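K.L.:
got a structure for you, letters missing:
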């Protein structure tokens with residue numbers, strides 16, 4: 001199956017998260033927040049990938065909902081890192097914007113799947 005836009009964007013976002021975490025760990029020697037960000041930020045794409053092979057529409061919706069929850073957690077860590085000044089505001093604002101975009105794409109995808117399930 002060809003990767004969807006959501007799969008590609010979440011993969012690219014995961015790479016961005018890895019780079020942010022690596023940069024903070026190397027420069028700031030901060031590992032607790034970056035570990036949390038790494039887990040939630042890369043989980044978004046992993047769950048989207050899993051949803052692409054869902055066994056049913058219900059399974060697809062459940063996996064996408066988990067991914068949506070991970071975007072919300074990731075937004076929390078990104079904002080916390082930005083406000084604690086562990087990384088530049090410019091870098092963090094760009095990541096927050098990308099995460100928000102993923103969140104809105106996930107919301108739309110879940111709504112569409114639910115609508116199609118009721119038809």
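P.N.:
Received the coordinates, thanks. Worth saying up front: this structure is predicted, and the values here are computed from it rather than measured.

K.L.:
Can you tell me which helices and strands the helix ranked longest in the chain packs against?
P.N.:
Taking DSSP state H as the criterion, the chain has its longest helix at helix 89-117. Packed against helix 89-117, as judged by 3 or more C-beta pairs under 8 Å, 6 or more residues apart in numbering; DSSP states H and E, are the following elements: helix 5-28, helix 32-51, helix 57-83. Backbone N, C-alpha and C define where each C-beta goes, glycine included.

K.L.:
Between these, which one is closest to residue 112.
P.N.:
helix 57-83 (10.0 Å; C-beta to C-beta).

K.L.:
related to what we said a few turns ago, for residue 91, which of the helices and strands packed on helix 89-117 is the nearest?
P.N.:
Residue 91 lies closest to helix 5-28 among these, at 6.7 Å (C-beta to C-beta).

K.L.:
what residues does the closest one touch?
P.N.:
3, 30-31, 33-35, 37-38, 41-42, 44-46, 48-49, 52, 67, 74, 81, 86-87, 91-92, 95, 98-99, 101-102, 105-106, 109 (C-beta atoms under 8 Å, 6 or more residues apart in numbering).

K.L.:
Now, of the residues you listed, which are buried?
P.N.:
When those are checked for burial by 16 or more other C-beta atoms under 10 Å, the buried set is 30, 33-34, 37-38, 41-42, 44-46, 48-49, 52, 67, 74, 81, 86-87, 91-92, 95, 98-99, 102, 105-106, 109.

K.L.:
Extract the residue ranges of this structure that are flagged as low pLDDT.
P.N.:
Low-confidence segments of the chain, defined by pLDDT under 70: 1-3.

K.L.:
Residue 118 versus the residue nearest in space to the middle of it, what's the distance?
P.N.:
When the chain is reduced to its mean C-alpha position, the closest residue under C-alpha atoms, centre = their mean turns out to be residue 44, at 3.8 Å. Taking C-beta to C-beta, to the nearest Å as the measure, residue 44 falls 26 Å from residue 118.
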